[in-house]
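Novice: This is the structure alone, sequence omitted:
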DNA sequence: CTGTTAGCGCATTCAG
DNA sequence: CTGAATGCGCTAACAG
């Protein structure tokens, strides 16, 4: 009952051998229809289920891929995972999810664990970039295991990635604010060591330049992507002698915090200050004062990342094909940044 | 380079045998410190990493558990998974995530796949309940693999579960609406075949009874948990000769849809109609008109489900300990259901 | 078409 | 304390 039936058990019952059973089960051409049917029937009767572990050990292919994200309980990452999972599931792969909680030690540890588990590939959004993590990446590559970055990438030769054009996104968002009449635009940024935040910042800067608006260092704050940090940032900005009339936040959560703080001070949005967030988290759409934001097509991003992985694993020895897919960001204009017709 | 180093490779280099290497690596007591250190050192030098697949095949323990949910991109399920993942990761388990998309065929197929992958346990929130799925559950139990339900459970002997008291939740929500002055309370329900929805409905009914409010069948609508369905439901309710002045929705998304529709009709919330949702999705808190809801402590639910699994897998043969943890729901009162002081 | 043998990588029993 | 042999469940090469 508790014991699992193996192909040997089936063979014994049929007075034949494991190979024959294996062949029958695997639809081998060199087997008679008669024995095949017989095997299939008794296998079914005995409730046989193939042990994929044995197969994995034999073939060197586990059919598992590891997916590493900072956290899973944000719509952005959950949606990416959804895209990856749905695409790879259809191709016979299972997805092992791991969270780093933005902790680099955990990140390194997770990579080791996945490697030991013999995953066939690793898809990840990096949390940190330093010597330890780079070593881990090299370890993956040495083992010839496909490594694909999505969203938060490290710049490593021969490693493919799927990202959005964050520079463009920052540029679009800022340009939009300018078009809505803002001249004094603040930027809530993140960990500048990560490309995504740096590129958004550079896009922001470029838009200012183009419009001949002088860059003001006091308008750029590096914060975490939380409501709390957004509130504090707004507090700080409002204290300035010359507070901004537009805010481009690299995070929807921070944008929300800023909006709350600003309104608590009796300042009107979008009347006095216009705000654009980032990521198109569901709440930005649902709010009374809906929040303008940048959509990153996370589900599609996940699907593409999965596709890149599939391509690479089929390329056998030729893993050295670096493919960098860059998706176009979409500016979603909502109430928080909209100029009043009379303005 | 691409070839992985095994304990045999290490043994060869050291002119010893795999057993010795294995013992050294596993910190066996019967080995001299000298050889142990030597092995450890060269293992390190050769970049050795244990192949967990071989270990799993040998030991019959994969250290993987399967987690099955309808979908991953809802904060509720993502948070449960977060709780499970964090708890089990610390105990050496990896988590394989699967989505059923509320499709029973996929659900059955996923269970088979996980069984073949030799998972050490399955934690799931069921999507459907019928003969096929029941068969699958039995297959799991026959193999002596711990099965734990969370949130959406099936009533099966010997199977543990972690849920919230949905009856109590429905009761609390409805009672609250009554306390806020509502006498005509509608209920947006879901698939009544699932206990969670049925229990919420029963709690709703009980609260009405207790207050001597007559049950009105026209006030109960069975819909899906989407914004769209919530809008349609509200449309239908508003058309009634005697429309409700309170709505208890079994879904935050449906509650949101209803609120949008009601407001679009110029009807005031909470003035004319008060609304309570379910699940405490992030947006309910962030909205201008924040939505009252029921919190289900999803992260804790996931952690507890993981704990129940751990207990069961340690109980060796004694898997027959059914444990049904029922968490207390928390009513979160926000603006959408609040009586005005003058009311 | 079917049976025999070997090996994937590891831990473990039994000898020594 | 260390070495040799065995098996976890499966497939594939080889032999018949």
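Specialist: Thanks, I have the structure now. Given the structure is predicted, the values throughout are model-derived calculations rather than measurements.
Novice: How many residues are close by the closest residue to DNA strand C within the stretch 151-300 of chain A?
Specialist: For the stretch 151-300 of chain A, the residue closest to DNA strand C is residue A:158, as judged by C-beta to the nearest atom of the strand, at 23.7 Å. Yep, even glycine has a C-beta here, placed from its N, CA and C like the rest. Counted with other C-beta atoms under 10 Å in any protein chain shown, the neighbours of residue A:158 add up to 10.
Novice: same question, residue A:106
Specialist: By the criterion of other C-beta under 10 Å, residue A:106 has 18 neighbours.
Novice: okay, it: pLDDT?
Specialist: Predicted confidence (pLDDT) for residue A:106: 92.
Novice: Hmm, residue A:100 and it touching each other?
Specialist: Yes. Between residue A:106 and residue A:100 a contact is recorded at 4.9 Å, counting by C-beta atoms under 8 Å.
Novice: Would you state the helices of the stretch 101-250 of chain A in chain order?
Specialist: A:104-116, A:131-142, A:166-179, A:195-210, A:227-239 (DSSP state H, counting those that start in this stretch).
Novice: would you list those helices in CSV and tack on distance to chain B?
Specialist: Listed next are these as CSV, based on distance: least, C-beta to the nearest C-beta, whole Å:
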stretch, distance to chain B
helix A:104-116, 5
helix A:131-142, 6
helix A:166-179, 20
helix A:195-210, 21
helix A:227-239, 8
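Novice: so of those helices, which one's packed in deepest?
Specialist: The highest mean neighbour count among the helices of the stretch 101-250 of chain A, using mean count of other C-beta atoms under 10 Å in any protein chain shown, belongs to helix A:166-179: a mean of 23.
Novice: name the helices or strands packed onto it?
Specialist: Using 3 or more C-beta pairs under 8 Å, 6 or more residues apart in numbering or on different chains; DSSP states H and E, the elements in contact with helix A:166-179 are strand A:185-189, helix A:195-210, strand A:246-249, strand A:274-276, strand A:293-295, strand A:330-332.
Novice: Chain neighbours aside, what residue packs nearest to residue A:122?
Specialist: residue A:66 (4.7 Å; C-beta to C-beta, 6 or more residues apart in numbering or on different chains).
Novice: typo on my end, it should be residue A:157
Specialist: Nearest residue to residue A:157, sequence neighbours excluded (C-beta to C-beta, 6+ apart): residue A:322, at 7.1 Å.
Novice: Equivalent analysis for residue A:287, please.
Specialist: Leaving aside its chain neighbours, residue A:287 sits nearest to residue B:287 (5.3 Å; criterion: C-beta to C-beta, 6+ apart).
Novice: what about stretch A:148-160, distance to the chain center?
Specialist: How far stretch A:148-160 lies from its chain's middle: 12 Å, per C-alpha atoms, centre = their mean, to the nearest Å.
Novice: make that stretch A:258-271, sorry
Specialist: Counting by C-alpha atoms, centre = their mean, stretch A:258-271 is centred 31 Å from the centre of its parent chain.
Novice: Which residues in it does the neighbour count mark as buried?
Specialist: In terms of neighbour count (16 or more other C-beta atoms under 10 Å in any protein chain shown), stretch A:258-271 has its buried residues at A:258, A:259, A:260, A:261, A:262, A:267, A:269, A:270.
Novice: any residue of the helix or strand where the third one lies up close to chain B?
Specialist: Following DSSP states H and E, the helix or strand that holds residue A:260 is helix A:252-264. Yes. When contact is scored as C-beta under 8 Å from any C-beta of the partner chain, part of helix A:252-264 falls within range of chain B: residue A:256.
Novice: Between strand A:185-189 and that helix, find me the angle.
Specialist: 140 degrees (axes from the mean of the first three to the mean of the last three C-alpha atoms, to 10 degrees).
Novice: Let me see the residues that make contact with helix A:252-264.
Specialist: A:188, A:223-235, A:237-238, A:247, A:249, A:269, A:272-273, A:275-281, A:283-284, A:287, A:289, A:291, A:293, A:336, B:286 (C-beta atoms under 8 Å, 6 or more residues apart in numbering or on different chains).
Novice: could you redo the last one with a cut-off of 7 Å?
Specialist: Helix A:252-264 is contacted from outside by A:188, A:223, A:225-231, A:233-235, A:247, A:249, A:269, A:273, A:275, A:277-279, A:281, A:284, A:289, A:291, A:293, A:336, B:286, using C-beta atoms under 7 Å, 6 or more residues apart in numbering or on different chains.
Novice: before we move on, what about stretch A:302-310?
Specialist: Taking contacts as C-beta under 7 Å, 6+ apart, the residues outside stretch A:302-310 that touch it are A:65, A:79-84, A:87-88, A:91, A:121, A:123, A:146, A:148, A:150, A:160, A:162, A:323, A:325.
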